[in-house]
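Q: A predicted structure for the sequence below; I have some questions about it.
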Amino acid sequence: MKGPPQRIFISTEDAFFSQRIRLFFANHPQYRITIGQTPDSTVRIPHDLYLLPAGLFLSRHKTLTLLKKPIIAWGPENLLSPSFQWGAADYIKQPFSCEELYCRLCRIVPREVKLSRENSLTRQGGQFLINESKLSLRGLEKAVLAQLFQNAGSLVTRRTLYSKIWNHEDLHSRSLDTTVYSLRREIHPMLRENLSAKEVLLTIPRYGYTLTAYE
């Protein structure tokens with residue numbers, strides 16, 4: 001059985017681009033597209049994902065992240081890093097095609113919807129649980145997961161993790177990579193629906209990590 005279409009809000013003032021999007025997604029009914037200048041008028045309407053210009057996202061990220069929905073930012077290359085740092089789920093560099101946008105949606109929306117139903121990480125006192133099962137974590141694993149949980153849904157940079165946990169900023173060290181590998185090995189057996197631990201503890205290449213499944 002097919003589920004309801006996923007609601008996608010796209011912010012653009014470009015009438016030509018808006019028309020291209022509408023024509024393209026008319027052939028993909030699994031997505032219901034809303035196009036506007038800002039998401040203000042749609043905050044009360046549930047959307048599953050927002051596609052926003054990077055400048056708009058960065059200027060209003062504190063308000064937008066309260067939506068607790070994935071946001072894809074788009075814009076020039078120099079805004080890629082800050083967009084990930086402030087919690088963007090993905091970034092598309094200009095110019096981009098409708099086909100690229102469709103591929104990004106297929107990758108992000110199903111994962112976010114699936115993870116929101118099950119496999120969410122919770123915390124009870126000093127213990128972390130997935131699907132009501134306690135994770136057996138060592139000191140460094142628990143410290144890394146605590147930082148990710150505290151900033152769940154946003155990028156936690158490698159520099160931040162090294163600074164707060166290892167008390168140095170040697171980005172060439174492999175200690176963090178080893179700890180994340182061990183942490184994923186603990187998470188994986190607890191997951192359902194054939195998910196991998198890499199989907200729950202997401203790597204943002206060269207920058208850091210994001211916890212995608214949490215309550």
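A: Received, thanks. Residues are numbered from 1 along each chain as shown.
Q: is it true that Arg104 touches Ala89?
A: No - assessed by C-beta atoms under 8 Å, Arg104 is found out of contact with Ala89, at 9.1 Å. Where you see a C-beta, it was placed from the backbone N, CA and C, and this is true even at glycine.
Q: Overlap of the contact sets of those two?
A: Ile72 (C-beta atoms under 8 Å, 6 or more residues apart in numbering).
Q: More neighbours: these two, which one.
A: Ala89 (26 against 19; other C-beta atoms under 10 Å).
Q: And the pLDDT for that one?
A: Per-residue confidence (pLDDT) for Ala89: 86.
Q: cool, Ile165 as well?
A: At Ile165, the pLDDT recorded in the model is 91.
Q: wait, Arg32 sits on Pro5?
A: Yes - the pair Arg32 / Pro5 is scored as a contact, 4.3 Å apart, by C-beta under 8 Å.
Q: Assign the spatially closest residue to Pro46 that is not a sequence neighbour to helix, strand or coil.
A: Distances taken as C-beta to C-beta, 6 or more residues apart in numbering put Arg7 closest to Pro46, at 6.5 Å, once the chain neighbours are dropped. Judged by DSSP: H, G, I helix; E, B strand; the rest coil, the three-state class of Arg7 is strand.
Q: Identify the residues contacting Arg7.
A: Per C-beta under 8 Å, 6+ apart, neighbours of Arg7: Tyr31, Arg32, Thr34, Ile45, Pro46, His47, Asp48, Leu49.
Q: Ok, Leu145 next?
A: By C-beta under 8 Å, 6+ apart, the neighbours of Leu145 are Leu121, Phe128, Leu135, Leu137, Leu183, Leu211.
Q: again with Tyr207
A: Tyr207 touches Ser81, Phe84, Gln85, Leu155, Thr157, Arg158, counting by C-beta under 8 Å, 6+ apart.
Q: For this protein, give me the ranges with low pLDDT.
A: Applying pLDDT under 70 to the chain picks out residues 1-4, 39-45, 66, 107, 109-119, 153, 193-195, 205-206, 213-215.
Q: Show me where it has its strands.
A: 6-11, 31-36, 49-53, 71-75, 90-93, 121-124, 127-130, 133-134, 156-157, 201-204, 208-211 (DSSP state E).
Q: Now do the third one: everything it contacts.
A: Residues outside strand 49-53 that contact it (C-beta under 8 Å, 6+ apart): 6-12, 39, 64, 67, 69-75, 89, 92, 101, 105, 108-109, 112.
Q: ditto for the fifth one
A: With C-beta under 8 Å, 6+ apart as the contact definition, strand 90-93 has outside contacts at 51, 54, 70, 72-77, 79-80, 83-84, 100-101, 104, 107-108.
Q: Using ChimeraX, define a selection of the buried residues within the residues you listed.
A: Entered in ChimeraX, the line below selects the buried ones among those, by 16 or more other C-beta atoms under 10 Å:
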select :51,54,70,72,73,74,75,79,80,83,84,101,104,108
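Q: Which residue, other than its chain neighbours, is closest to the spatially most central residue of the chain?
A: The centroid of the chain falls nearest to Ala89 when counting by C-alpha atoms, centre = their mean (3.4 Å). The shortest distance from Ala89 to any non-neighbouring residue, by C-beta to C-beta, 6+ apart, is to Pro70 (3.7 Å).
Q: and what of Thr210?
A: Leu202 (4.6 Å).
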